[in-house]
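Fold the following and give me the result.
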Amino acid sequence: MYTLNMLRIACEISLTRPSYQDMASKFFEHFLHIASAMNNLGRQNISLWDEVDQFYYDVLHMPDNNARLLKIRSMVGLIPLFAVEILDEALLSKLPDFKRRVEWVLTNRPDLASLVSRWHEPGKGETHLLSLLRGHRMKMILKRMFDETEFLSDYGIRALSKYHEKTPYQFELNSEIFQVRYVAAESEMSMFGGNSNWRGPIWFPLNFPLVDSLLKFYQYYGDDFEVEYPTNSGQVMSLKEAAMRVTERIINIFRRDENGQIAAFGQDKKMQNDPNFEGLYLFYEYFNGDNGMGLGASHQTGWTGLIADLIEYWYKYQSESVALPAGK
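Sure thing, here's the model as predicted:
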């Protein structure tokens, strides 16, 4: 994600300062080498992608230089979605040196070219896709992400799959057993200070890039690429519509429900009912993965303030399409 962001910035600067095309080329190659490393870790050349589970996992490097997959269904497995960028032909035509270098690398390094999803297949509007994910892997990840028994909450995407609520992940090292279990709110353990934003809650710094990435994929695929949302519901839709459905769930953290209650405020009667606090919102650090209640620090306007962008996304989508049914 970082290298593609830097690549995009370098491309934009190159429009007025052509020498920055070299910088764009550098970050393009960095992206390819990172993608390659994800498939060849440790002396066993282990991959972060598990073919059996069809999901990305963390890899633990052991003191003996062996590597081992930690099969925890966490946001770690969704983050590869973030590494996506769309470049259109109009932009590339203005950056001949960068385009020439990209074509050279993809022609002369087929081992790296195979890691780039569909560069030579123009998508919607003559666009080119740079992504870690090809269609199959993306569908497998989204299948879990849109599953309400796993990552999909009524209030966004959980950081840890609800699957681990009844099936905790256990790891044994030096005769000691470590365990990861889904907890909807704060951690039940004091380890790492008890902070729980990776234990199951909904976290804006990760939910927003997920929505943004889905919209980028839609920019390339258009309506031709469809997914089931929610998983096992039988409802099929475009990536854009699925992204907006997730967006609506996140917005529901701050909306009044049918009982007049705001999920973010939980049982706080003053914030829920006192007319003096009407319309005043707290931007909590993260949110309960099951009921949307605000947790942690209550002044995280830096990232939870992204709700404003999501509302804007939703408003624009509603204004340009047939309104979706309210709720889910």
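
Now do the residue most central in space within the chain, the pLDDT please.
With the centre of the chain defined as its mean C-alpha position, the nearest residue by CA atoms, centre = their mean is Leu210, 3.1 Å away. Per-residue pLDDT puts Leu210 at 97.

for Ala326, same thing?
The predicted local confidence for Ala326 is 51.

got it, and Ser117?
Per-residue pLDDT puts Ser117 at 62.

can you pull out the helices in the stretch 151-300 of the chain?
For the stretch 151-300 of the chain, the helices defined by DSSP state H, counting those that start in this stretch cover 163-166, 204-221, 239-251, 269-273.

out of those, which comes closest to Glu258?
Closest approach to Glu258 among the helices of the stretch 151-300 of the chain is made by helix 269-273 (14.1 Å; CB to CB). In short, each C-beta sits where N, CA and C put it, glycine included.

List of residues touching that closest one?
Helix 269-273 has contacts (CB atoms under 8 Å, 6 or more residues apart in numbering) with 261-262, 265, 277, 280, 282.

Rebuild those residues as a markdown table, extending it with distance to Ile251.
Formatted as a markdown table, these follow (distance: CB to CB, whole Å):
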| residue | distance to Ile251 |
| --- | --- |
| Gln261 | 15 |
| Ile262 | 11 |
| Phe265 | 15 |
| Phe277 | 20 |
| Leu280 | 17 |
| Leu282 | 16 |
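
Thought Val84 was touching the residue nearest to the centre of the chain, still the case?
No - using CB atoms under 8 Å, Leu210 is not in contact with Val84; the gap is 10.9 Å.

picking that back up, out of the helices of the stretch 151-300 of the chain, nearest to Met138?
helix 204-221 (7.2 Å).

if I look at Phe82, how far off is Glu278?
Distance of Phe82 to Glu278, given as CB to CB, to the nearest Å: 37 Å.

sorry, back to before: distance of the residue nearest to the centre of the chain from Val52?
Distance of Leu210 to Val52, given as CB to CB: 24 Å.

got the CA positions of stretch 27-47 in PDB?
Included here for stretch 27-47 are C-alpha records, laid out as PDB according to Å, rounded to 0.1, in the frame of the first residue of the first chain:
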ATOM      1  CA  PHE A  27       8.300   2.500  -6.200                       C
ATOM      2  CA  PHE A  28       6.800   0.300  -8.900                       C
ATOM      3  CA  GLU A  29       9.700  -2.100  -8.500                       C
ATOM      4  CA  HIS A  30       9.600  -1.900  -4.700                       C
ATOM      5  CA  PHE A  31       5.900  -3.000  -4.900                       C
ATOM      6  CA  LEU A  32       6.900  -6.000  -7.100                       C
ATOM      7  CA  HIS A  33       9.700  -7.100  -4.700                       C
ATOM      8  CA  ILE A  34       7.500  -6.800  -1.700                       C
ATOM      9  CA  ALA A  35       4.800  -8.900  -3.400                       C
ATOM     10  CA  SER A  36       7.500 -11.400  -4.300                       C
ATOM     11  CA  ALA A  37       8.700 -11.500  -0.700                       C
ATOM     12  CA  MET A  38       5.200 -12.300   0.500                       C
ATOM     13  CA  ASN A  39       5.400 -15.600  -1.400                       C
ATOM     14  CA  ASN A  40       8.900 -16.600  -0.200                       C
ATOM     15  CA  LEU A  41       9.500 -16.100   3.500                       C
ATOM     16  CA  GLY A  42      12.100 -18.000   5.600                       C
ATOM     17  CA  ARG A  43      14.300 -20.800   4.300                       C
ATOM     18  CA  GLN A  44      11.200 -22.900   3.500                       C
ATOM     19  CA  ASN A  45      10.000 -20.100   1.100                       C
ATOM     20  CA  ILE A  46       6.700 -20.100   2.900                       C
ATOM     21  CA  SER A  47       3.900 -17.900   1.600                       C
END
